[in-house]
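>>> Just need the structure, nothing else, for what follows:
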Amino acid sequence: AAKSAPARLRNFNLSVLATDAFMEAVKNDGSWELVFDGKVYKTLEARALWDQIMRATYDYAEPGVIFIDRINDRNNLNYCETISATTPCGEQPLPPYGACLLGSSNLSRLVSDPCSDEAALDSAALADLVTTAVRMMDNVVDASRFPLDAHRAEAQAKRRIGLGVAGLAAALLMLGLRYGSEEAARQTDRWLHRIARAA
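Numbers count the residues shown, from 1 in each chain. Prediction:
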């Protein structure tokens, strides 16, 4: 509800961790205790709380919803860490003191002869850009100054980086593809496979 007031937490990302137990209570129309530091502050209907969260997500694009038990269950590092949060926009799940370096490759900058019959995204240039970006981002992990030693140790041990894309809609448009069309989805899939392989 804090996001409904223009002056409260306006530029602050909010997310909630939804546990399997909470989702089970929603499914079974059960009650849910709001607990902090072992103390129960309020008990309410889980489904009503879920509806309130979903309404706020629809109205204000927040809070983000993180299915924390599922993330931990599927984490390939679950033998040595427990995920407790994500980056502010939810791109990367993180353990305590976790850090993640995020970057983007601008696809529209790789299109030659835009908006013509010869328009094409240079696949070799994309692979080269991604390879360089991954190497650079890995170097940044070593060069960065972290606020706490625990942050530095976590970042250097796991070396989390996330390389996304920018300019996707523009690149598709330059190739004459309507964003959201079947052919645009197929083309996007081919580009993202190329990025994954190069990374």
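
>>> who touches residue 165 in this structure?
Contact criterion C-beta atoms under 8 Å, 6 or more residues apart in numbering gives 104, 105, 106, 107, 191, 192, 195 as the residues in contact with residue 165. Yep, even glycine has a C-beta here, placed from its N, CA and C like the rest.

>>> can we see that at 6 Å?
Going by C-beta atoms under 6 Å, 6 or more residues apart in numbering, residue 165 touches 104, 105, 107.

>>> Filter the residues you listed down to the buried ones.
Of the members of the contacts of residue 165, the ones counted as buried by neighbours, 16 or more other C-beta atoms under 10 Å, are 105, 107.

>>> Show me the contacts of residue 165 that map onto strands.
Those of these mapping onto strands are 104, 105, per DSSP state E.

>>> will you turn the contacts of residue 165 into a markdown table that also has distance to residue 65?
Listed next are the contacts of residue 165 as a markdown table, based on distance: C-beta to C-beta, whole Å:
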| residue | distance to residue 65 |
| --- | --- |
| 104 | 24 |
| 105 | 28 |
| 107 | 28 |
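
>>> Now do the helices for the protein: every range, in order, please.
Using DSSP state H, the helices found in the chain span residues 20-27, 46-60, 68-74, 123-143, 149-158, 168-174, 182-198.
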